[in-house]
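1. The sequence and its predicted three-dimensional model are supplied below.
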Amino acid sequence: MVHCPECQSTLSSSEDIAFEETEARTGFVRASKRFYTANCASCGMTIGSGVAGAKANGGGAT
Ligand SMILES: [Zn+2]
């Protein structure tokens, strides 16, 4: 179980996490990828990040 380090909210479902596109905000990712951060829906603390819109590593078994 993941808990927010800021407000200790339990992050058990996607509803507890707010995904925010940071491409325009940060500007350091200008490739054809979209960069997202995962924020706590309660306090807005950034918990994690990831790239969406890009293929996962090739060669992965299904
Ligand atoms: Zn929080």
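-> Perfect, I can see it now.
2. If I look at the residue nearest to residue 2 when sequence neighbours are not counted, what pLDDT would I see?
-> In space, and not counting its chain neighbours, residue 2 is closest to residue 11: 4.5 Å by CB to CB, 6 or more residues apart in numbering. No exception for glycine: its C-beta is placed from N, CA and C like everyone else's. pLDDT recorded at residue 11 is 87.
3. Repeat that for residue 57.
-> pLDDT recorded at residue 57 is 56.
4. okay, residue 53: pLDDT?
-> The per-residue pLDDT reported for residue 53 equals 65.
5. Would you mind stating the distance between the residue nearest to residue 3 when sequence neighbours are not counted and the ion?
-> Leaving out its chain neighbours, the residue that sits closest to residue 3 by CB to CB, 6+ apart is residue 10, at 5.8 Å. From residue 10 across to the ion, the span is 10 Å (CB to the ion, to the nearest Å).
6. What of residue 41?
-> Counting by CB to the ion, the gap from residue 41 to the ion is 8 Å.
7. likewise residue 48?
-> Residue 48 is 13 Å from the ion, by CB to the ion.
8. so who does that residue touch?
-> If you count contacts by CB atoms under 8 Å, 6 or more residues apart in numbering, residue 48 has them with 37-38.
9. hmm, 7 Å instead?
-> residue 38 (CB atoms under 7 Å, 6 or more residues apart in numbering).
10. Mind telling me what element it is part of?
-> Assigned by DSSP states H and E, residue 48 falls within strand 46-52.
11. what comes up buried for that strand?
-> For strand 46-52, a neighbour-count test (16 or more other CB atoms under 10 Å) marks residue 47 as buried.
12. Enumerate every residue touching the residue nearest to residue 2.
-> Residue 11 neighbours (CB under 7 Å, 6+ apart): 2-4, 17, 40, 47.
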